[in-house]
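*Asks:* any chance you could fold what I've pasted below:
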Amino acid sequence: MKILALGGCGEMGRVAVREILDDPAVTEVVIADKDPGKAACFADSLGRKASAAQVDAQCDSSLQMALQGCDVVISTVGPYYLFGCRVLSAAIRAGVHYIDICDDPEPTQEMLALDSQARDCGVTAIIGAGASPGISNLLAAKALEALPKAEEIYTFWGTGGPLQHGDDPDLIDEAGRPTAATRHWIQQASGQIEAFQHGAITKVTPLTPVKLAFPGRGSDQCHIIGHPEPITLPRSYPHIKQSLNLMNLPGYIIYALNKAARMVAHDTPQSVQKAAERLALILSDTTRNPEDIAHYLIHAATDSFRHFFSPLGAVARGPDHHGKTSTAGVHMRSRLQVDDMAHLTCIPTAIILKMLINGKITRHGVMAPEACVNPDEFFHQLASHMIIEEGFDPTSYVECVIRHTGRPYSPLCID
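*Replies:* Model (predicted):
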């Protein structure tokens, strides 16, 4: 199998490339980047299976030339509102399978609209094959398997605990500018975003608080954010009536997001950039003003009493046979051996690609992981990358907790 790694020498792409090189089914990985020197330098460090190519993802002819003779393209080139449909359309025309790590709901919908074209061309396109979306979708699949009558599904991600000194999010690049991820975070925390409510995609206000209960761990306050999971999960589980992606974060981070997001005017690039810069300043240890310091101390005190959830998880809710409320919560009771955003995002990408090229994913079309990836097989392969505590069963690090209550069922009310 010949793999085209578009953006393969970037921070994210490097992780996926290194992980797939040892698979016997992979014969060649082409490191594709607009900067040929950067691509060649990384390819030279990888050995005989790797080569380099200069590819401009904004140029259709450049994409088409690069895709010729390839079997699969991994695209870690963002932002996906610019490159998602462009690269996927080129892959479909070339008859090349496709995997990406898109975490933007708008291009997710645009790419899903290409489903019939992909099926007609025999192409498998898996979008959002990272952490969230990605791992979160498959945790949701496990929750819905445990609670097949569920009418609600919530995916969540967070810090796993209170904000610690020195734990500032990585929001600035080497040049001192807000990263693309920071700008994207601001976009999905401002204006109106799309989620799934009352059986349809609807507009909701981001950062709206939601009190979510995880079976056996209590309740905690989460906040709505724009993400692909609420767009894709109801496609595979049509009985779902409500789906949201939630952040389970320390209060000071939510305070900072709210403050920065209010600067965004009509989603203009300039205002998003300024808001991203403000967010980075507020969350920086060295630049907090007296007002921010006061909020930091208040939230630090409040967060010490909260029941934070695991960093990634899902909760399904629905009625039992008697109309009473049942919940199923699924999370991972361990963390990656190399615990940074690039590995958390692209180790799953590499695992899903290996499943595809080794015949464990056969469905054609454009879809999210829950539509084509066997969760048990995926988490079995992910286990080798996890830190498993001594004496802990490595085959059950993904925990599912089910709770049946005596209360009449009603869906979570979102203001």
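*Asks:* residues near residue 122, how many?
*Replies:* When neighbours are defined as other CB atoms under 10 Å, residue 122 has 11 of them. To be clear about C-beta, it is placed using only N, CA and C from the backbone, and glycine gets the same treatment.
*Asks:* from residue 9, how far out is it?
*Replies:* Taking CB to CB, to the nearest Å as the measure, residue 122 falls 30 Å from residue 9.
*Asks:* residue 275 - nearest residue in space that isn't next to it in sequence?
*Replies:* residue 263 (4.1 Å; CB to CB, 6 or more residues apart in numbering).
*Asks:* torsion angles phi and psi at that neighbour?
*Replies:* Per-residue torsions, residue 263: phi -80, psi -20 (degrees, to the nearest 10).
*Asks:* what is the burial count for it?
*Replies:* Residues contacting residue 263 under the criterion other CB under 10 Å number 17.
*Asks:* the one 10 residues further on now?
*Replies:* Counted with other CB under 10 Å, the burial measure for residue 273 works out to 17 neighbours.
*Asks:* residue furthest from the geometric center of the protein?
*Replies:* residue 322 (35.4 Å; CA atoms, centre = their mean).
*Asks:* quick one: secondary structure of it?
*Replies:* What DSSP: H, G, I helix; E, B strand; the rest coil gives for residue 322 is coil.
*Asks:* any idea how far residue 413 is from it?
*Replies:* Noted for residue 322: a distance of 22 Å to residue 413, by CB to CB.
*Asks:* kindly report the same for residue 256.
*Replies:* For residue 256 relative to residue 413 (CB to CB), the value is 27 Å.
*Asks:* who has more neighbours, those two?
*Replies:* residue 256 (26 against 7).
*Asks:* hang on, the more buried one in a helix?
*Replies:* Yes: assessed by three-state DSSP, residue 256 belongs to a helix.
*Asks:* do you know how far residue 225 is from residue 63?
*Replies:* Residue 225 is 31 Å from residue 63, by CB to CB.
*Asks:* same check on residue 161?
*Replies:* Using CB to CB, residue 161 is found at 43 Å from residue 63.
*Asks:* more neighbours: these two, which one.
*Replies:* Using other CB under 10 Å, the more surrounded residue of residue 161 and residue 63 is residue 63, with 25 against 16.
*Asks:* tell me who's in contact with the residue nearest to residue 54 when sequence neighbours are not counted.
*Replies:* Distances taken as CB to CB, 6+ apart put residue 36 closest to residue 54, at 3.9 Å, once the chain neighbours are dropped. Residue 36 sits next to 52-54 when contact means CB atoms under 8 Å, 6 or more residues apart in numbering.
*Asks:* now do the strands in the stretch 1-150 of the chain.
*Replies:* With DSSP state E, counting those that start in this stretch as the criterion, the stretch 1-150 of the chain has strands at 2-6, 28-33, 50-54, 72-75, 97-100, 124-126.
*Asks:* list the contacts for the closest residue to residue 107 other than its chain neighbours?
*Replies:* Spatial nearest neighbour of residue 107, excluding adjacent residues (CB to CB, 6+ apart): residue 84 at 3.7 Å. Taking CB under 8 Å, 6+ apart, we find residue 84 in contact with 75, 100, 102, 104, 107-108, 110-111, 127.
*Asks:* before we move on, what about residue 274?
*Replies:* residue 263.
*Asks:* give the rounded mean pLDDT of the helix or strand containing it.
*Replies:* Following DSSP states H and E, one finds residue 274 within helix 269-282. For helix 269-282, mean pLDDT is 92.
*Asks:* how far does it sit from the chain's center?
*Replies:* 22 Å (CA atoms, centre = their mean, to the nearest Å).
*Asks:* also stretch 401-409?
*Replies:* Mean-position distance between stretch 401-409 and its chain equals 29 Å (CA atoms, centre = their mean).
*Asks:* need the contact partners of it.
*Replies:* 146-147, 214-217, 317-320, 323-330.
*Asks:* about what we covered before: which parts of the helix holding residue 274 are buried?
*Replies:* For helix 269-282, a neighbour-count test (16 or more other CB atoms under 10 Å) marks 272-282 as buried.
*Asks:* how about these in a markdown table, adding distance to residue 18?
*Replies:* Below are the buried residues of helix 269-282 laid out as a markdown table (distance: CB to CB, whole Å):
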| residue | distance to residue 18 |
| --- | --- |
| 272 | 32 |
| 273 | 32 |
| 274 | 36 |
| 275 | 34 |
| 276 | 30 |
| 277 | 33 |
| 278 | 36 |
| 279 | 31 |
| 280 | 29 |
| 281 | 34 |
| 282 | 35 |
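*Asks:* my guess is residue 252 is in a strand, correct?
*Replies:* No: assessed with three-state DSSP, residue 252 is helix; it does not lie in a strand.
*Asks:* backbone phi and psi for the residue nearest to it when sequence neighbours are not counted, please?
*Replies:* Nearest-residue entry for residue 252: residue 299, 4.1 Å, with adjacent residues in sequence omitted and distances by CB to CB, 6+ apart. Main-chain dihedrals, residue 299, degrees, to the nearest 10: phi -70, psi -40.
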